[in-house]
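J.: what follows is a predicted structure for the sequence shown.
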Amino acid sequence: MPVRSKLHGMISLAAKAGKLQSGETAVRAAIQKKQAVMLLADENASANTKDTMGKLNTAYALPLLYVEDLGALIGKPGRTMVALCDAGFAKAIEKIKDESEHGGVEVE
């Protein structure tokens, strides 16, 4: 299965499991409540959205991943920022991301 499909599937599964908060207000609330473990942004988001996510990434030391068609993946077209609120899903997404960067070979 292509890495992109795995990544999209994992994000969709997290959405169905209710482990995502989408939209700027919800993302900020999840961060303040210390629920967010990873930030996701649409790769086609506006410069303002990317700037906001970059600042949140830096200020709160949360991993940030840019994803194609994020809103459609979570069933909310038009959404461009998401907070992932589950460590298990975050770990699975990081593993998929690492596989893509290392050609499917795990690096220790």
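T.: It's in. Numbers count the residues shown, from 1 in each chain.

J.: how near is Leu20 to Cys85?
T.: 7 Å (CB to CB, to the nearest Å). All C-beta spots, glycine's among them, are computed from the backbone N, C-alpha and C.

J.: neighbour count for these two, which is higher?
T.: Using other CB atoms under 10 Å as the criterion, Leu20 and Cys85 rank with Leu20 on top: 28 against 22.

J.: ok, back up a step: need the overlap of contacts for Leu20 and Cys85.
T.: Counting by CB atoms under 8 Å, 6 or more residues apart in numbering, Leu20 and Cys85 have no shared contacts at all.

J.: tell me what the helix or strand encompassing Lys50 is packed against?
T.: Per DSSP states H and E: Lys50 is located in helix 47-60. Contact here means 3 or more CB pairs under 8 Å, 6 or more residues apart in numbering; DSSP states H and E; on that basis helix 47-60 packs against helix 24-32, strand 38-42, strand 64-67, strand 81-84.

J.: off-centre distance for it?
T.: How far helix 47-60 lies from its chain's middle: 13 Å, per CA atoms, centre = their mean, to the nearest Å.
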